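[1] One predicted model, sequence on top.
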Amino acid sequence: MFPCLLIAGLTVAVSWVQIPDEEVSAPRPNILFVYADDHAEAAIGAYGSRINQTPHLDRLAAQGMRFSQSFVVNSICGPARASILTGAHAHVHGRVNNRSPFRDDLPTWAKALQASGYQTAMIGKWHLPTEPNGFDFWAKTHGYYAQGLQSSKGKLERSGYTVDLITELGLEWIENREADKPFALWLCHNAAHRTWMPGPKHLKLYRGQTIPEPATLFDDYAGRSPAAALTQMRISRDLFPAYDLKLPVTGEQVLDAAATRNLKPVPEGVRKAWEESYGPENLAFQQANLQGEALVRWKYQRYIQDYLRCVAALDDSIGTVMEFLDQHGLADNTLVIYASDQGFFLGEHGWYDKRWMYEPALKTPMIARWPGHIQAGSVCDALVQNIDVAPTLMEVAGVKIPETVQGKSLRPWFQNQAPESWRDAIYYHYQEYDEGRIQHRVAKHCGIRTKRYKLIWIYQHDAWEFYDLQQDPDEMNNLYGRPEYQDRIQALTVRLLAMRKEFDDRTGPPWTD
Ligand code: SGN
Ligand code: CA
């Protein structure tokens, strides 16, 4: 463990880093950025998982740095990807939710690195309304069993389990690169997104096992704003029987169910294995006629086992990538970053999905390995966010960080050096709740989190929540309104409103003076 010192200071909204000349002339590293979808820290061994093992990710962390306090600025896919690319909060890049436009004119790390001589590629899930920009090569996938990909070179006739296919395509691209230039590859996995469809390799993993439940699986939302109970992502109620829980016994029904949700179904070749895998358990489930808590427990097991099977594919991908780098003599000169677009509820508060500013969805894994530049086995506990990735990649590549970037480069932390000033609180804003197509009904909210406290303003309900994370890490006791915390709540409220101005966030409620 190599803890990083923190220097308290106000968050700096705009940063401009001038790279020293001697660093610009140093050989520039390759960058391999592996980005998962919905991979919660609670499902990574190195982050203390109680529910699964991730030997390859753990090895990556053991050889590099794990950021233990890593957060997103908006816990949903499209906004997160746009923030990763631009280093800016969602109100700046425009993709405030999965349906809003993205400001493709903004500088991104991909454009900057490409312009500076890097070979760049993006392979996998994209989820922005614009075509990938700043990549010499790109290929987009959708769903768990890919059948053909749209790419910058036209349609690619490739198929297979998507995580494996993304990995293969990425490594092929590296093999075929021009070896005299550094590369930056962004591998964007679709796993472990709903509808948690395992690959043939992992269909039987966890069969007959019982995965531990989170302490808050039966949360009754007492003391929280009304928005918590109104949220539609309960394991007990909101999972679709066929699509999510794979309850039909026959492959036919699974195919139908998948088709009705407009996703790619289980392909013919996998159908038999699928039936053999779920069939007997589903039969036993039908005969058991479970009710009440027993039924919730069964649903949790089905959900979490499938989720973790998808995570196992992600972990295997990391293993494949690390082996490839070793075999090709690239490990030493490649910065490998593993992160997810956001966290996920793995039964905490009785939920699946993300969106909320509560810890399981707000936190996101961030692991970086760069031999000789990052101390093996180190842990950084600075408050970092997904908007920090773009300036980090830019600084590492020796390019200027543009003024539109609101995040801060993690490069000093790589070297265990606390920058002159670093944020002592993070700003968060979630806003997907459209009357036309409400999904999951998570109310619009913004908030501030320090190392110890969290204040959430659920402005859609004119409600507030306040948590002492040291005493209540599971966020079960909303302390807003408690007299003994009034001074702290008042100070954080002032700070939250100041942050909205500092970051120039004019979305959501109007500013007040
Ligand atoms: C889909 C899922 C939702 C999920 C969103 C956003 N429903 O719409 O459960 O919240 O994606 O996820 S599904 O029935 O279509 O699977 S995100 O990661 O892409 O933002
Ligand atoms: Ca996601």
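    Everything's here; your move. Numbers count the residues shown, from 1 in each chain. Ligands and ions are numbered 1, 2, ... in the order given.
[2] Let me know the helix or strand that residue 95 is in.
    Taking DSSP states H and E as the definition, residue 95 sits outside all helices and strands.
[3] That one and ligand 2: what is the separation?
    According to C-beta to the ion, to the nearest Å, residue 95 and ligand 2 sit 13 Å apart. (C-beta placed from N, C-alpha, C; glycine too.)
[4] shift numbering so it begins at 888
    Done: numbering now begins at 888, and the last item shifts to residue 982.
[5] is it true that that residue touches residue 1013?
    No: Residue 982 is not in contact with residue 1013 according to C-beta atoms under 8 Å; the separation is 11.7 Å.
[6] The two: which is more packed in?
    Applying other C-beta atoms under 10 Å to residue 982 and residue 1013 shows that residue 982 carries more neighbours, namely 29 against 21.
[7] what sits against the more buried one?
    965-966, 968-969, 988-990, 1015-1016 (C-beta atoms under 8 Å, 6 or more residues apart in numbering).
[8] Which residues of the chain lie near ligand 2?
    924-925, 964, 1228 (C-beta under 5 Å from the ion).
[9] which of these lies closest to residue 1192?
    residue 925 (15.6 Å; C-beta to C-beta).
[10] With adjacent residues omitted, what lies nearest to that closest one?
    residue 1231 (4.4 Å; C-beta to C-beta, 6 or more residues apart in numbering).
[11] any idea how far that neighbour lies from residue 1242?
    Per C-beta to C-beta, to the nearest Å, residue 1231 is found 10 Å from residue 1242.
[12] tell me, what's touching those two both at once?
    residue 1248.
[13] so what's residue 1000 up against?
    Contacts of residue 1000 by C-beta under 8 Å, 6+ apart are 918, 1007, 1021, 1071, 1280-1281, 1284, 1286.
[14] go on, residue 937?
    929, 1099.
[15] and it, helix, strand or coil?
    The assignment at residue 937 comes out as coil when based on DSSP: H, G, I helix; E, B strand; the rest coil.
[16] count of residues packed around the residue in the stretch 1138-1287 of the chain that ligand 1 sits nearest to?
    Among the residues of the stretch 1138-1287 of the chain, residue 1240 lies nearest to ligand 1; the distance is 4.9 Å by C-beta to the nearest ligand atom. Using other C-beta under 10 Å, residue 1240 has 20 other residues around it.
[17] circling back: drop the exposed ones from the contacts of residue 982 and show what's left.
    965-966, 968-969, 989, 1015 (16 or more other C-beta atoms under 10 Å).
[18] about what we covered before: nearest to residue 1096, out of the contacts of residue 982: which one, please.
    residue 968 (33.7 Å).
[19] do the one helix or strand the closest one maps to and ligand 1 meet at all?
    Residue 968 is part of helix 964-973, with elements assigned from DSSP H and E. Yes: with C-beta under 6 Å from any ligand atom as the measure, helix 964-973 is seen reaching ligand 1 through residue 964.
[20] Now do that helix: distance to the chain's middle.
    10 Å (C-alpha atoms, centre = their mean, to the nearest Å).
[21] After that helix, which helix or strand is next? Please name it.
    Following helix 964-973 toward the C-terminus (DSSP H and E): helix 977-980.
[22] How about that next one, which residues are buried there?
    For helix 977-980, the neighbour count (16+ other C-beta under 10 Å) marks 977-980 as buried.
[23] OK, now which residue of the chain is nearest to ligand 2?
    Nearest residue of the chain to ligand 2 (C-beta to the ion) works out as residue 964 at 3.7 Å.
[24] give me every residue that touches that residue.
    924-925, 985, 1012, 1014, 1080, 1228-1229 are the contacts of residue 964 under C-beta under 8 Å, 6+ apart.
[25] I'd assumed residue 947 was in a helix, is it?
    Yes: assessed by three-state DSSP, residue 947 belongs to a helix.
[26] quick revisit: from the contacts of residue 982, pick the one nearest ligand 1.
    Proximity of the contacts of residue 982 to ligand 1 (C-beta to the nearest ligand atom) peaks at residue 965, which lies at 6.2 Å.
[27] Show the model's pLDDT score for residue 1400.
    pLDDT for residue 1400: 70.
[28] Right, I'll leave it there.
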